[in-house]
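In: give me a 3D structure for the following:
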Amino acid sequence: MNHPPQRRRRMSPLDHAPAAVTFARENAGLTKRALAEELGISEQLMNDIEAGRRNVTPANLRKLIEVLNCPKAVLQGRVVTAWTRTHCDCAVVQNYNYDEAAAKLKIKRRWLEDNISRLPHQKYGKNEAVFCDCDLRIVQAMHAVLPPDAEAAINPPEQTPAESTHPATASDVPSLAAIKPAKGRRREPAPL
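Out: Predicted coordinates:
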């Protein structure tokens, strides 16, 4: 008995961006299981929604917006807003790949790859990480090393009230010429 070949159903466009749903869920600190319970759906359906195999229903999209406290436009992947990248103030986002970011920072690409988990960056799906100018500024600030003297000049130690009542004058501070080397200890001769 010959059966006619099964036609694969063409999938309609998704009403959500799977990567955005995953990002919002992780940002809310929820597991897939916990989010599925909040929405009243199975964990398998939640997996399929995040993987892009199933579409989210309008009712579940409304629940996602409420539970994740996330704008609809973000869950649909239409915009990347300050909600998703609070440190980014770029008017026009220029993304740099590893090689371009390494060149701008004047470092080796390998260092970025090795330390990526500690650095601000963007990553969508299985694509390689990208950096905007704000990300690169933060990376530079994170790894700027100041000499101890510069740190003290930038952040002077707080004075106690006792110290502040007697301000130092020029006569209190010895000049270099007045500083004499320490004299060695003289041992008393041992008794005979």
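In: now do the SS call for residue 67.
Out: The three-state label given to residue 67 by DSSP: H, G, I helix; E, B strand; the rest coil is helix.
In: where does this structure dip in pLDDT?
Out: Applying pLDDT under 70 to the chain flags residues 1-12, 78-87, 90-93, 124-127, 145-148, 150-188, 190, 192.
In: and the helices in this protein?
Out: Under the criterion DSSP state H, helices of the chain are mapped to 18-27, 32-39, 43-51, 58-68, 72-75, 98-105, 109-114, 133-142, 148-154, 161-165.
In: please identify the most buried of the ones you listed.
Out: Comparing the helices of the chain by mean neighbour count (mean count of other CB atoms under 10 Å), helix 18-27 ranks first with a mean of 19. (Glycine included, C-beta is placed from N, CA and C.)
In: and it with helix 58-68, angle?
Out: Relative orientation of helix 18-27 versus helix 58-68 (axes from the mean of the first three to the mean of the last three CA atoms, to 10 degrees): 40 degrees.
In: how about CSV for the helices of the chain, with distance to residue 122 added?
Out: Putting these into CSV (distance: least, CB to CB, whole Å) gives the following:
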stretch, distance to residue 122
helix 18-27, 10
helix 32-39, 22
helix 43-51, 18
helix 58-68, 19
helix 72-75, 14
helix 98-105, 11
helix 109-114, 13
helix 133-142, 8
helix 148-154, 31
helix 161-165, 48
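In: and residue 45, how far from residue 77?
Out: Computed as CB to CB, to the nearest Å, the residue 45 to residue 77 distance reads 19 Å.
In: tell me how many other residues crowd residue 129.
Out: Using other CB atoms under 10 Å, residue 129 is surrounded by 19 other residues.
In: that one is in contact with residue 121, isn't it?
Out: Yes. Counting by CB atoms under 8 Å, residue 129 touches residue 121, with 4.3 Å between them.
In: phi, psi for residue 42 please.
Out: phi -80, psi 160 (degrees, to the nearest 10).
In: just checking, it touches residue 33?
Out: No. Taking contacts as CB under 8 Å, residue 42 lies outside contact range of residue 33: 9.8 Å.
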